[in-house]
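>>> The sequence isn't on hand, but the structure is:
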């Protein structure tokens, strides 16, 4: 029974809550007790008798040919196995023990259990946490299994621990940050997409910065131990405010909760004891599952979450989905694309506001009837900026003459019918031409354009406006007046793995537009390139080079940088901005998702070390492209030399 | 005129010596002065007037359409350009300057000069050393050029400097070790095979460990400045002992010398002054080239080198050439392979010595006429061990009965004719069978085999001998008695680039047999896996796992690990060994080159950090394979999981 439903759009995995049980050889009974009666959605249950050790089999005369598993595959239907049971790998295994017998026993058992789970088509298995600081042999065995695994997921259990680093013992080989253990394990397994994390939550939580990293990791499950619950005034379990926020964060990232441990809050006269122990004699007792109170509390947290705003619901399907950026200069946009962008009322209101301010600045109140301002919309599309301009003129009482310049002949068709429909024939002149080559009959007072990409200049706004400023008066105004791109280092395992799945270099040297969700921002974003319009210098040079240094807060711990999130902030006119840079973002504007610049090989940054990054904007005769690299803590290759993989056509 | 010739086999590039000159627009004169008269083989000469700055062109009315290069391409023949001239890129360029004009001028000039050099089909250009600690923009420009370059090599000039690290300021961003600068540059350019190093040698040299690293790098040229020469008692230039050794090292690694600087040793009344200045009026003077004394001294060093031993000369063609290891169990060796191995007299003398000792131990002097020792050669090939056994018997006066077991029917043919020819029919029985399956008519006292690969167990000696020990007496002797593999981390740019050239994963997860030459060993080798024969344990398990920690001497500085050199040391019997491990290597034995385990991505290790490495020997039902990884300073992927890329068939 799911924790709740937030609406018909709610397909989140995090509606389902599991319970960790002990070993039972009555699996149907285990399910009936925990699921049918207990209200949980699935169990995380050991598959093999915990007393089993391969090395002692045969020696004591027992039959070694049958594995001591919890019932045959026939005790449940295939769909019950796969939807109700997560296999819990024996927690005694220790593949990095100094004891060779234990090590070899562990490897044998691990592989037998995973083979059995795979035979049952389980959706996932929970792997016990590595026992020490070293995990190479454990990772090697898991990596071998991963090479030929069916669809099953492997969830590596990792305690959520980060004792803050003593800067004195930086080189200590025992990481006190469990993220490091996870990081080693997944690097050894080469970011395998079927290896993910099950975080073990305890009563104390690390710093917010340290916690934040996990949201860029493939986190599937959070295991809430009953001892991390507090007791409210009526004796019921509840969570601290920080724990509540964390659990809400999990819900928002489709991370499932699993309840684990013993009943520590005695209510209803229910007996204490773990889930599996009780299951053995549940037929005789009709009583509440001992962990039900925790499940109910988690359900309560799920249901009391704020509803998702409509725009967010609309964008659910785009989350962490890589898209190639548009090439509006080389290609013509399609009607559907215009349709989507035109819906962004916030954006056009900002434009209207900027145009209104520019009109007021240009034409004093006592001249409104004498002066007609010439405004040119360059890249008019199907007309939304023409409308915003006319509305600004009406709002300010200024007289306006509009030229609507558009290179896409298909959009010009719509533009014509709009002008007819609205009766704007006397005010608006349509020009079907590329602004870079149009021979304008007069000069403009105001040049209005919306040519910005997610990274500001990446759809070649600079090159287009340099061409268009020929017909702007010397004292004319360009809206936008300027724009700046920003980048921010991020952990983004999902995006990295999606790029990697293409198995080629080209995709690692391409920037993607993406609604980022399961990512962790590792430092505040820094400005990269700025362009100002109009440009009055003699020789316009739109090449740029920027060296950036990011400082990652020490209490974050080590981090993995999979690439960079890119944004822009555009000054339309004076204090009117359009921004998707997180700290200044224009509310409720949805025309732009951020851009993602991947790194071919993710870079690990230790606490206190600077992350030095270089970005270039290069300009050739037929194209514009970016190159990027990291030089500290250690140099990466320069990505995309000569725009060999990714470029924007002029 | 080459420095000399060490024999008809001497094809080394290092026979040729160049001279660095200043700019001259009389290139034929420059060549005549420095080469025809001066005795040098080539000049390293600027291609463009050093006063040229693109940004000032046109502004002062000069014609900007012709580049100010040193004469047109017609002044020399194409073969003179390419064999006599190395282009020296303007040394004023600084692509990482804070001054944007200088930066852009530098980029323009760099690209113009390289395009011109490429037009002339020069073999190489010398790039000036990066000016500061940062070189990202310089590397980006070079990387762009490298993407589309013809065969021309680019030699990055790097001063040979390594001020020993003060451990206090480890995180300082200004490396005082010029190797770090080179390392950053080549990582940014992704180990491009046309980018190499020109080392600028000065009067003081870094520590031997620090120096050693360079021999694993693509070092093409060493520039000897005249100020690194001392003066001998007769007033002539000479080099310190350490400099002499270094120069001899360069010669041995095909690294060319270039003499640079002014005459600092006045002899013959020759005037001081640099090469190019004098070239302008050389027609009037018939005098010795001012730098001739240095050239003569370098020639003297070349000629006084010890001659290469015959075996080394024979192996010249194998240097740094990757070979796939043999699969003698799965495949049958060819006659030529037997031929080569049988020539290794040292190896068979060691065997003979070991067998003699074993025979003497087994049969006391007073029993020599009563006892016949049964000796089985398993893997007899074409008979060299049979011969060694019989010679050992003769030498010790012991009676011997020999079984020669061989699975390759082709080798058995040769074996038969050998035995007939030598008249050994009464002593030697030929068994055409796989030792793992042969049903022996009696048990052996001594089992002799030569199944070792470069990494000891890598040709499956353990599995073969486990099979063969069925017919060894309980107290019988196996020769070899045991063997141990060793690994050592190395810098090996050439090997790494050759693996990379295949552009696939498989080649990065394969071990190669290779005569290593241009490599740098970074730490002493450590033992990996040991096998002992016969094995008396109940259950034989030939799986192995070893964790190794290497400490790289602090005075080495940072290093790049491209992979591991592997060796073995085999104890044939008691104190008789066969070894290719450098510290214990059997002299003049040539049957085995070392093995090379590459890393998919080279790992940089900073001074004082441990290098932690894991090696596994895995055994399946049909194959044996290795897996390997690095876990510190930062984890690599586990290489070759499940033997997906490289394995040895059982």
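Looks like it arrived, so ask away. If you're wondering where the values come from, they're calculated on a predicted model, not measured in any experiment.
>>> How about residue A:611: what's its closest non-neighbour residue?
Taking CB to CB, 6 or more residues apart in numbering or on different chains as the measure, residue A:611 lies nearest to residue A:550, with 4.3 Å between them; neighbours along the chain are not counted. To be clear about C-beta, it is placed using only N, CA and C from the backbone, and glycine gets the same treatment.
>>> Retrieve the pLDDT associated with that neighbour.
In this prediction, residue A:550 carries a pLDDT score of 97.
>>> what do you get for residue A:254?
We note a pLDDT of 93 for residue A:254 in this prediction.
>>> for it, what are its contacts?
Residue A:254 makes contacts with A:12-14, as judged by CB atoms under 8 Å, 6 or more residues apart in numbering or on different chains.
>>> between these, which is closest to residue A:473?
In terms of CB to CB, no member of those lies closer to residue A:473 than residue A:12, at 54.8 Å.
>>> residues contacting the residue nearest to residue A:611?
By CB under 8 Å, 6+ apart, residue A:550 lies in contact with A:488-489, A:522-523, A:526, A:610-613.
>>> where in the stretch 201-350 of chain A is pLDDT low?
By pLDDT under 70, the weakly predicted segments of the stretch 201-350 of chain A are A:267-286.
>>> Point me to the residue of it nearest chain B.
residue A:217 (15.5 Å; CB to the nearest CB).
>>> so after the longest strand anywhere in chain A, what's the next helix or strand?
Ranked by residue count, the top strand of chain A under DSSP state E comes out as strand A:559-573. Using DSSP states H and E, the helix or strand that directly follows strand A:559-573 along the chain is strand A:576-579.
>>> Spatially nearest residue to residue A:378, not counting backbone neighbours?
residue A:435 (4.3 Å).
>>> Is the one you found in contact with residue A:408, as I believe?
No - look at residue A:435 against residue A:408 with CB atoms under 8 Å: they stay out of range, at 11.8 Å.
>>> Between the two, which is the more surrounded one?
Set side by side, residue A:435 and residue A:408 give different neighbour counts by other CB atoms under 10 Å in any protein chain shown, the larger being at residue A:435 (25 against 21).
>>> Tell me how far the more buried one lies from residue A:391.
As defined by CB to CB, to the nearest Å, residue A:435 lies at a distance of 23 Å from residue A:391.
>>> Residue A:196 now?
Relative to residue A:391, residue A:196 is positioned 51 Å away (CB to CB).
>>> One more: residue A:453?
Residue A:453 sits 26 Å away from residue A:391, going by CB to CB.
>>> Comparing the two, which residue is more hemmed in?
A count of neighbours by other CB under 10 Å puts residue A:453 above the other of residue A:453 and residue A:391, at 23 against 16.
>>> Name the nearest residue to the more buried one, sequence neighbours excluded.
In space, and not counting its chain neighbours, residue A:453 is closest to residue A:459: 3.7 Å by CB to CB, 6+ apart.
>>> Give me every residue in the stretch 501-650 of chain A lying close to chain B.
A:541, A:543, A:545, A:547, A:601, A:604, A:608-610, A:614, A:616, A:627, A:629, A:631-632, A:634-638, A:641-642, A:644 (CB under 8 Å from any CB of the partner chain).
>>> Among those residues, the buried ones, what's the PyMOL command?
Restricted to the buried members of those, where burial is judged by 16 or more other CB atoms under 10 Å in any protein chain shown, the PyMOL selection command reads as follows:
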select buried, chain A and resi 545+604+609+610+614+616+627+629+631+632+634+635+636+637+638+641+642+644
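>>> which ones are touching the residue of the stretch 451-600 of chain A found nearest chain B?
Of all residues in the stretch 451-600 of chain A, residue A:545 sits closest to chain B, with a separation of 6.0 Å (CB to the nearest CB). Contacts for residue A:545 (CB under 8 Å, 6+ apart) come out as A:614-617, B:103, B:137.
>>> now for these, which pair is the farthest apart?
A:615 and B:103 (15.1 Å).
>>> out of these two, which sits in the busier spot?
Between residue A:615 and residue B:103, counted using other CB under 10 Å, the more crowded position is residue A:615 (22 against 19).
>>> which parts of the stretch 1-150 of chain A sit against chain B?
Residues of the stretch 1-150 of chain A found near chain B (CB under 8 Å from any CB) are A:103-104, A:134, A:136-137, A:139-140, A:143-144, A:146-148.
>>> Now do residue A:307: how many residues are near it, please.
Residue A:307 has 10 neighbours, counted by other CB under 10 Å.
>>> Check residue A:98 too.
Residue A:98 is surrounded by 8 other residues when neighbours are defined as other CB under 10 Å.
>>> Also residue A:370?
Residues within reach of residue A:370, counting by other CB under 10 Å, total 8.
>>> do residue A:88 as well
Residues within reach of residue A:88, counting by other CB under 10 Å, total 25.
>>> one step back: what separates the residue nearest to residue A:453 from residue A:648, distance-wise?
Between residue A:459 and residue A:648 the computed distance is 7 Å (CB to CB).
>>> any shared contact partners between those two?
What both residue A:459 and residue A:648 touch, as defined by CB under 8 Å, 6+ apart, is the set A:325, A:327, A:329.
>>> Can I have the buried ones of those residues as a PyMOL selection?
Applied in PyMOL, the following selects the buried portion of these according to 16+ other CB under 10 Å:
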select buried, chain A and resi 325+327+329
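>>> any chance of the shared contacts of residue A:459 and residue A:648 in a markdown table, plus secondary structure and distance to residue B:577?
As requested, these are exported to a markdown table (DSSP: H, G, I helix; E, B strand; the rest coil; distance: CB to CB, whole Å):
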| residue | secondary structure | distance to residue B:577 |
| --- | --- | --- |
| A:325 | coil | 64 |
| A:327 | coil | 68 |
| A:329 | coil | 72 |
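>>> Among the shared contacts of residue A:459 and residue A:648, which one lies nearest to residue A:182?
For the shared contacts of residue A:459 and residue A:648, with residue A:182 as the reference and CB to CB as the criterion, the closest is residue A:325, at 32.3 Å.
>>> Do I have it right that the closest one meets residue A:456?
No - taking contact to mean CB under 8 Å, the distance of 11.9 Å between residue A:325 and residue A:456 leaves them out of contact.
>>> Can you check which helix is longest in chain A?
If you go by DSSP state H, chain A has its longest helix at helix A:100-119.
>>> In it, which residues are buried?
Neighbour-count burial for helix A:100-119, with 16+ other CB under 10 Å as criterion, is recorded at A:102-110, A:112-114, A:116-118.
>>> which of these sit farthest apart?
Greatest spacing in these, by CB to CB: A:102 and A:118 (24.1 Å).
>>> ok so, going back, any idea how far residue B:109 is from the residue nearest to residue A:611?
For residue A:550, the distance to residue B:109 - CB to CB - is 32 Å.
>>> now the helices: where do they sit in the stretch 1-150 of chain A?
Here the stretch 1-150 of chain A has its helices, by DSSP state H, counting those that start in this stretch, at A:27-31, A:78-84, A:100-119, A:136-147.
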